[in-house]
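Student: What follows is a protein structure lacking sequence information:
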DNA sequence: AGATTTTTGATCGTTGACAATCATGCCATG
DNA sequence: CATGGCATGATTGTCAACGATCAAAAATCT
């Protein structure tokens, strides 16, 4: 039979605790539940119309994503991120994205070229007219696309965890992104390198990009803590 | 009161599902439960004398470690690893260990120097007299030590996940390690680089080391599948 | 005021029940 | 013989309630 590529990943089966986890994730990442907030199972259960057990399973999921910490026998708490955590996170991100860039440049083909270009065009578009939140979203989405193009499922999974925590920072810090024009143009070189299949350049550019943002975030956080 | 150093780290608080997870992890990694095995919650619960809910929590943990896959509404299954997975895994490992090597060389101090030397000496010792299993253990332990020295908690956590899957391969494949003497001497350069604080060399050596093993494992797996 | 005890409130873990879903074999149908 | 429908058993998903366990606040005592 013909290979129906449109049916490759059809129909998502999703259990309640999974759905609950995604809802919670959104609430945390959007800042609706600020970092440091204490959460009780009871409250969430009644709020979401679920049993405590189901809510607990969802909470465990977010713990493994680093969005929530579990104080055993006491309570659950939305992850509170320090400047030190940011440093760790961006160091790790630089490494993962560097690898992703190398692999993406190695494996880029017609389809992925289109995806990458679309993500970049979208970023450029949003830079002109969109809000700051949309801009951050488009930025993250471009990076995410690069990671996807690497086709390394484990790398994608590990990056997903890092990305979640990244979003927490971005949601709680203003002034991380430079001017809209600078955002778009600062991504141009890495996109070009990948499109050209230049593995080494792609890797270097992505690492440097991450490190620059990491240092900037670090400075911002330190100034906030003071 | 007098400081009772013998009581410094006694009595670990560990929930039941955590204990169950460690037991299960051992069973899986030792090969007692071979890859591909279907598992039911009922069976595990009766086997371990726990309730289904607790067992499920433990299973979820191992899912997040990549040791077990969850077939929703159907069953749980011990992760089955293909040659392609091995490729992904070693690519990722090389990147993470490269970063770990760089950070370790950067942050190495007197205490960590001692730890690293001890891990290496142990490897050399085991190479002379120990079994193949002990040798693999000492090898992984040396790498683990390097990652710990990096002091990046997130890197340590991500590496832990990779390490778990690595152990699954090592448990199911014979002939991955070269001769005992070669094992010890092949680690000498990276240890020296870290002890000397040479970041760039440490990174390069660890990456190359991983890639060599990755290719070797890949060849072995392909020959097994055929 | 400081130390100790008690109370409170939360999670932890278990049990039992039922619902939802999946896998399988059987059977009728073409 | 291939296909689709159907009944059936197995397994996970979800819920509710209960006692046990623990942490932190409140009350008590010295």
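Tutor: On my side now, so go ahead. Here the structure is a predicted model, which is why all the values come from computation and not from measurement. Numbers count the residues shown, from 1 in each chain, chains lettered A, B, ... in the order given.
Student: What residues does chain A have near chain B?
Tutor: A:13, A:15, A:53, A:57, A:60-61, A:64, A:66, A:72, A:85, A:88-89, A:91-92, A:95-96, A:98-99, A:103, A:152-155, A:158, A:161-162 (CB under 8 Å from any CB of the partner chain). For every residue, glycine as well, the C-beta is placed using N, CA and C.
Student: now, which of the residues you listed lie within helices?
Tutor: A:53, A:57, A:60-61, A:64, A:85, A:88-89, A:91-92, A:95-96, A:98-99, A:103, A:153-155, A:158, A:161-162 (DSSP state H).
Student: Among these, which ones lie close to DNA strand C?
Tutor: Taking CB under 7 Å from any atom of the strand as the test, DNA strand C is in contact with residue A:53 out of those.
Student: ok, of the ones in helices among the residues of chain A next to chain B, which come out buried?
Tutor: If you count burial by 16 or more other CB atoms under 10 Å in any protein chain shown, the buried members of those come out as A:57, A:60-61, A:64, A:85, A:88-89, A:91-92, A:95-96, A:98-99, A:103, A:154-155, A:158, A:161-162.
Student: Please report the distance of residue A:43 from chain B.
Tutor: 21 Å (CB to the nearest CB, to the nearest Å).
Student: Phi, psi for residue A:75 please.
Tutor: Dihedral angles of residue A:75 (phi, psi; degrees, to the nearest 10) stand at phi -170, psi 180.
Student: my guess is it meets residue A:37, correct?
Tutor: No - in this structure, residue A:75 is not within contact of residue A:37 by CB atoms under 8 Å, at 10.0 Å.
Student: what ranges do the strands span in chain A?
Tutor: Along chain A, counting by DSSP state E, strands occupy A:38-39, A:68-71, A:75-78.
Student: Run the contact check for the last one versus DNA strand C.
Tutor: Think strand A:75-78. Yes - for strand A:75-78 and DNA strand C, the contact criterion (CB under 7 Å from any atom of the strand) is met by A:75-76.
Student: Show me what that strand is in contact with.
Tutor: For strand A:75-78, contacts defined as CB atoms under 8 Å, 6 or more residues apart in numbering or on different chains pick out A:28, A:33-41, A:59, A:67-71.
Student: And residue A:17, how far from residue A:44?
Tutor: Residue A:17 sits at a distance of 12 Å from residue A:44 (criterion: CB to CB, to the nearest Å).
Student: Give me the common contacts of the two.
Tutor: With CB under 8 Å, 6+ apart, residue A:17 and residue A:44 have common neighbours residue A:55.
Student: so for the lengthiest helix in chain A, what's the average pLDDT?
Tutor: Counting by DSSP H, the longest helix found in chain A is helix A:199-225. Averaged across helix A:199-225, the pLDDT comes to 93.
Student: With stretch A:44-61 instead?
Tutor: 90.
Student: Now for the residue positioned nearest the centre of chain A: which residues touch it?
Tutor: Chain A has residue A:163 as the residue nearest its centroid, 2.4 Å off, counting by CA atoms, centre = their mean. Contacts for residue A:163 were tallied using CB under 8 Å, 6+ apart; they are A:140, A:143-144.
Student: if I look at it, how far off is residue A:182?
Tutor: Applying CB to CB to residue A:163 and residue A:182 gives a distance of 22 Å.
Student: again, but for residue A:169
Tutor: On the measure of CB to CB, residue A:169 and residue A:182 end up 19 Å apart.
Student: and those two? which has more neighbours close in?
Tutor: residue A:169 (19 against 11; other CB atoms under 10 Å in any protein chain shown).
Student: Was I right to think that one contacts residue A:81?
Tutor: Yes - counting by CB under 8 Å, residue A:81 is a contact partner of residue A:169 at 6.0 Å.
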